[in-house]
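**Student:** Whatever this is, show me its structure:
(one chain, ligands or ions: 1)
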Amino acid sequence: MPEPENTSSPILSLRHVGKVFGGTVTALDDMSLDIHNGDFVSLLGPSGCGKSTALRLIAGLMRPTSGRIVWSDTGQKSTGGQDLGVVFQEPTLMPWATVEDNVWLPMRLSNIKKADVKTKIDEILDVVGLAGFEKSYPRELSGGMKMRVSIARAMVTRPKLILMDEPFAALDEITRFKLNNDLLEMQARIGCTVIFVTHSVFESVFLSNRVVVMAARPGRVVKELKVDAPYPRHEDFRTSPEYSAHCRAASDALHGAIMDTNPEAA
Ligand SMILES: Nc1ncnc2c1ncn2[C@@H]1O[C@H](COP(=O)(O)OP(=O)(O)OP(=O)(O)O)[C@@H](O)[C@H]1O
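**Tutor:** Numbering: from 1, shown residues only. Just a heads-up that it's a prediction; the model follows:
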């Protein structure tokens, strides 16, 4: 879905954004980034480089210490809004509620009756591959299926932007690959923009049209790589020379970022 070169005005811009905790820990230093409609942007970097901090700032869960986060007119600034969905590493489902009730949650919080949005819930469960599991409980689902529910909950309001913080890190590799493939299809079907946090070079290259490489101490952007392979991307992209070349470039940039953080890691 993303276009290789996007010249439209950004839906979201970070301008020299910084975050300092407790007056001493610079979690993020001078981060500037434009996000365009349809982008799939990965934030890739070692532990502690401020990836989650950047995501939380964008989600409006905390305020920057310096700089500004600027939204386009149609953008929304809080997770309560219809234009932003968030997926965390843990699926964070309500164990006592069915799949459809978990997905209904963001609308229920806005006092919308389930009967009025049942079609929307059914549609999004179809998008994430869970049609037929509406009445199941989280305990009856595998880890990958729980994550699909969490994604459905983030997508059900058809937000313009979805923030994902290492959503597949706890899954086995085969499930992760499958979810990577399916996530691109889901993105294409609902037409959203995604910012995705990951430690994985392979995952970032497979999914993204832009990989933003970050370093720690202080957390900062060190490089941005374009992955100009066309979408849709399928399993054959994973085994292509093009994919290997992009992975090599991202891996080199990540290694440089780790060396920047800890010169003794060589
Ligand atoms: N609430 C907080 N209070 C104090 N320090 C924090 C807080 N949140 C994050 N930090 C610190 O800010 C830095 C960046 O943390 P952040 O979680 O954003 O990194 P990350 O790149 O997402 O790491 P990981 O990949 O391990 O999740 C780290 O040094 C972390 O300890």
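
**Student:** what does the protein have sitting close to the ligand?
**Tutor:** 21-22, 25, 27, 45, 47-53, 219 (C-beta under 6 Å from any ligand atom). To be clear about C-beta, it is placed using only N, CA and C from the backbone, and glycine gets the same treatment.

**Student:** Show only the entries of these found in helices.
**Tutor:** Within those, residues falling in helices by DSSP state H are 51-53.

**Student:** Now rank these by neighbours and give me the top one.
**Tutor:** Scoring those on neighbours with other C-beta atoms under 10 Å, the highest-scoring entry is Lys51 at 27 neighbours.

**Student:** is it true that it touches Gly45?
**Tutor:** Yes - assessed by C-beta atoms under 8 Å, Lys51 is found in contact with Gly45 at 5.7 Å.

**Student:** shared neighbours, those two?
**Tutor:** 214, 219 (C-beta atoms under 8 Å, 6 or more residues apart in numbering).

**Student:** wait, what's in contact with the closest residue to the ligand within the stretch 101-250 of the chain?
**Tutor:** Nearest residue of the stretch 101-250 of the chain to the ligand (C-beta to the nearest ligand atom) works out as Gly219 at 5.1 Å. By C-beta under 8 Å, 6+ apart, the contact set of Gly219 is 19, 26-29, 31, 45, 48-51, 53-54.

**Student:** Neighbours of the closest residue to it other than its chain neighbours, how many?
**Tutor:** In space, and not counting its chain neighbours, Gly219 is closest to Gly50: 2.4 Å by C-beta to C-beta, 6 or more residues apart in numbering. If you count neighbours by other C-beta under 10 Å, Gly50 ends up with 27.

**Student:** Would you map the helices across this protein?
**Tutor:** Under DSSP H, the chain gives helices at 51-59, 99-108, 114-127, 143-155, 173-190, 201-207, 235-238, 241-261.

**Student:** mind listing what's buried in the longest one?
**Tutor:** Applying a neighbour-count criterion of 16 or more other C-beta atoms under 10 Å, the buried positions in helix 241-261 are 243, 246-247, 249-250, 253-254, 257-258, 260-261.
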